[in-house]
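1. fold the stuff below for me.
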Amino acid sequence: MANYIYGKVKRKQNMFRVIETETNVYDIGQLNLNGIDYNPATLIENEEFYQVTSFSTSGFILEFLQNDIDSVNHDQISQADLKKLSFICTVQTNLYFFQIINSSFYISKKWFSIEELTIQTEKPIITINPCADTIYDKQSDILYFKRLPAAQKIFKGMDQLYRVATEDETQAFLNNDFLDVNNGFLTNNVSVPNRKRIALVNETLSRFTNDEKQAIYDYTNQYGHVTYQNGKFKIETDDDLKFVLWGIEQRFYTTPIGAEKRVANSIINI
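-> This next block holds a predicted model:
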């Protein structure tokens, strides 16, 4: 069965046909597509993937993926446009492997083949990574990826899966009555990671009853890194804020043996 590589050229809307080959670009037999539903609080191992299910209805899918692909409907890419690729897509059966292309993938040095011992000078090449940036399984309608910033470069809008709190949202959070924020600590002192956490915990807090909120404050105070007086956490630094946000996310735990207090760096719901 023929495999195809298509390419997206910068500032052009259509996908172009690049190569038709009988060679498998990716070893599907060694591929373990067992994804974890994307959650910014979850860190994956090197061999794991995040996943977005029902991707065709997510609003991020490319038109290229929505219809059956027929290579004759795609123009052959020109030599000039090969130097303007933003990403390529390798199609093998129902799997679509996407790789971002940047200057590091272009090699134009002098080289020689082990099989043909002649110097090559005018044959620049584009390298293909052994692991794609994103993989779309059309049959199951699942998108797999390892890094959201990379997936966002191909599927525009996916950054909304991990949103940063706006200036107004950040200020509104600092105005909460369970925080005593130092006058010198302003919204521009809040780091990007904490802004991302604020975007998440705002939704979490909105679901809690008053009793549940108090239970969260007491739980956070048990781990004692931030001063808690008169029902308020004293916020003087970005680290103070991070600790309180971790508490709202219920990341703290005590080991059953040794009673060590720890913070979970990654969370997977089970």
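2. in the sheet, who's paired with the nearest residue to Tyr38 once chain neighbours are set aside?
-> Closest residue to Tyr38 apart from its sequence neighbours, by CB to CB, 6 or more residues apart in numbering: Tyr50 at 4.3 Å. For the C-beta atoms, the positions are set from N, CA and C on the backbone; glycine is no exception. Under DSSP bridges, the beta-bridge partners of Tyr50 are Ile36, Phe145.
3. what number of residues lie near Tyr50?
-> Neighbour count for Tyr50, taken as other CB atoms under 10 Å: 21.
4. try Phe55
-> Counted with other CB under 10 Å, residues neighbouring Phe55 total 21.
5. list the residues that contact it.
-> 61, 136, 141-143 (CB atoms under 8 Å, 6 or more residues apart in numbering).
6. one more time with 6 Å
-> If you count contacts by CB atoms under 6 Å, 6 or more residues apart in numbering, Phe55 has them with 61, 141, 143.
7. same check, this time on Gln99
-> 88, 129, 132-133.
8. and those residues, which of them are buried?
-> Neighbour counting over the contacts of Gln99 (16 or more other CB atoms under 10 Å) leaves 88, 132-133 as the buried ones.
9. I'd like the next helix or strand past the helix or strand hosting Gly7.
-> Assessed by DSSP states H and E, Gly7 sits inside strand 3-9. Per DSSP H and E, the first helix or strand lying C-terminal to strand 3-9 is strand 15-21.
10. tell me the phi and psi of Glu249?
-> Backbone torsions of Glu249, given as degrees, to the nearest 10, read phi -80, psi 0.
11. tell me what the lengthiest helix in the chain is packed against?
-> Ranked by residue count and defined by DSSP state H, the top helix of the chain is helix 192-207. Contacts defined by 3 or more CB pairs under 6 Å, 6 or more residues apart in numbering; DSSP states H and E place helix 192-207 against helix 167-174, helix 238-248.
12. coming back round to it: please report how far the residue nearest to Tyr38 lies from Asp75.
-> 33 Å (CB to CB, to the nearest Å).
13. can you count the residues close to Gln30?
-> Gln30: 7 neighbours (other CB under 10 Å).
14. I figured Glu20 hits Asn3, correct?
-> No - under the criterion of CB atoms under 6 Å, Glu20 is not in contact with Asn3, lying 7.5 Å apart.
15. okay, and the nearest residue to Phe208 once chain neighbours are set aside sits in which element?
-> The shortest distance from Phe208 to any non-neighbouring residue, by CB to CB, 6+ apart, is to Ile216 (6.8 Å). Using DSSP H and E, Ile216 sits in helix 210-222.
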